[in-house]
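>>> Give me a 3D structure for the following:
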Amino acid sequence: MKISDNIFSVTIFEVADKVFKVSIGVVTTFFVAAALGPEIYSSIAVGLAVMSIISMWINSAIRVPFFQNIDFALFSFILTFLFLASLIAMAIVIFRVSNDLLIENVLLIFIVASFFKFHNILRLDYEKNLKQKFFIVYENLILFIFLIIKIILTIYYKDIKLIALAYLFESICVTLFFLFILKNKLKVDRSSIKKFIANSKEILNSNKFIIVGGFVAVSYMAIDTVILDAVASSQEIGNWGIAKRINQLVITLLVVSSNVFIASYLNNKESIFLSSSNLRFIATIFLIAISLTLSWMLFGSHLTVFILGSDYYVSYEYLRILCISWPAIAINAFIVQYILVRNFQSVIFTTNVLLFLSVCFFTTEIYEIGGMNLVSIFMTSLMIISPFLLLSIFFTLKKIKT
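Numbers count the residues shown, from 1 in each chain. Model (predicted):
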């Protein structure tokens, strides 16, 4: 099999995997949110946001060195970054503003669940050998089983602590599955650990853009929910969580389409990245994004009330603003692929850091000025300027290098 065919095969299965996972997450969210109501669901929304931030930090920190050599101090990386992540998690629990002990317990459960998300790293061995089909099928089967469990718990018990525990055991079961499959590879070698310690500075320095960039790329999309939880009402957070969940589904579809595009580009060995056929594909995705935006503006209110109930009508209003950025996100996804092909990871790193800092420093102030609607406009504006920011930084650095 040709290398380009391998890349295309891997990408197709990764795309299917991501879409299926996000779809399961959205279905679970709809059932849980509709049964619990916005105020109670807000705790789940914050927990999911915290879990995505911590788990992404763990995975982005471990992924590059682990991918370079799967037998190279596996446990040292996992244990080191899990320990650091636990410190951050405990800080979140200690300083989080809330007098509700139940909410604190639910958040703590989600934090613990995030520690078991490093199973995404364990699947890299099979991805390198094009055996990821095996992982995808069984992993998603486990996720589907827990989808049923969460729905049953929601319908019969409506207990957010039980639902949070279901998320925890889901992460544990998937990780145990990977550990069982790779049990022969998981060996602690003292010489490897010593070698890692001796070369850790060089490894981390050479991959700092990917490690830090991967963390902030997800964090700036989720950190707003955690920040707003300290100032906004539970009703607002619950509706905001639904809007962000649907928004995440659309963003995933647009981003994975760019992955298919780059895989097709490499598979066909085209010499021109922006050829006429590729531009037609980009234009098609852009038009689809516009169609999704218009469809949500026209029919989103009826769909939201039908699936979730009238209590979540406000989430439609939030997403009616956020959806304006979907065409820009579609273009942004292809620009990212264009930059990656030219090996300018520092551009993506710089852009993500700027967006992350903007969300951290301005979200609270913007909410206090104009409430959640103004926050929606702020987040939409960041998404719209993102492609222009990417291109401006890219051409600036390219000019400096030349």
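
>>> Every contact and neighbour count from this point should use C-alpha atoms.
Noted.

>>> Any stretches of this structure with poor pLDDT?
Filtered on pLDDT under 70, the chain yields the residue ranges 1-14, 58-104, 118-134, 182-219, 259, 261-275, 401-402.

>>> how's it carved up into domains?
1-206, 207-217+232-402 (automatic domain parsing).

>>> Quick check: which helices or strands does the longest helix anywhere in the chain pack against?
Using DSSP state H, we find that the single longest helix of the chain is helix 345-401. Contact here means 3 or more Cα pairs under 8 Å, 6 or more residues apart in numbering; DSSP states H and E; on that basis helix 345-401 packs against helix 208-228, helix 313-322, helix 326-341.

>>> what about 6 Å?
Packing partners of helix 345-401 (3 or more Cα pairs under 6 Å, 6 or more residues apart in numbering; DSSP states H and E): helix 208-228.

>>> how far off helix 313-322 does the helix or strand immediately after the helix it packs on in the chain point, in degrees?
Next along the chain after helix 208-228, taking DSSP states H and E as the criterion, comes helix 234-268. Calculated by axes from the mean of the first three to the mean of the last three Cα atoms, to 10 degrees, helix 234-268 forms an angle of 40 degrees with helix 313-322.

>>> Can you name every helix or strand that helix 234-268 contacts?
helix 3-36, helix 38-68, helix 313-322, helix 326-341.

>>> F180: neighbouring residues, count only.
12 (other Cα atoms under 10 Å).

>>> so how far is A328 from it?
42 Å (Cα to Cα, to the nearest Å).

>>> again, but for A49
Applying Cα to Cα to A49 and A328 gives a distance of 23 Å.

>>> Could you do I227 as well?
With Cα to Cα as the criterion, I227 and A328 are 25 Å apart.

>>> Which of the two has more residues huddled nearby?
Remark: of I227 and A328, A328 carries more neighbours, 21 against 17, as counted by other Cα under 10 Å.

>>> helix/strand/coil for N140?
helix (DSSP: H, G, I helix; E, B strand; the rest coil).

>>> Tally up the residues packed near the closest residue to it other than its chain neighbours, please.
Among residues not flanking N140 along the chain, K21 sits closest, at 7.2 Å (Cα to Cα, 6 or more residues apart in numbering). By the measure other Cα under 10 Å, the count of residues near K21 is 17.

>>> cool, I181 as well?
12.

>>> Start the count at 30 instead of 1 going forward.
New numbering, starting at 30: the last item is I210.

>>> Would you mind measuring from it to Y396?
Here I210 is placed at a distance of 47 Å from Y396 (Cα to Cα).

>>> now do F407
10 Å.

>>> Ok, L419 next?
Taking Cα to Cα, one finds L419 at 27 Å from Y396.

>>> and these two? which has more neighbours close in?
Between L419 and Y396, counted using other Cα under 10 Å, the more crowded position is L419 (21 against 18).

>>> Setting aside sequence-adjacent positions, which residue approaches Y396 most closely?
According to Cα to Cα, 6+ apart, the nearest residue to Y396 is V404 (5.8 Å).

>>> Specify the angle between the longest helix of the chain and helix 355-370 in degrees.
Using the same axes, to 10 degrees, helix 374-430 lies at 70 degrees relative to helix 355-370.

>>> Any buried residues in the helix or strand containing S143, and which?
S143 belongs to helix 130-143 when assigned by DSSP H and E. For helix 130-143, a neighbour-count test (16 or more other Cα atoms under 10 Å) marks 132-143 as buried.

>>> ditto for stretch 352-364
For stretch 352-364, by 16+ other Cα under 10 Å, it's 352-364.
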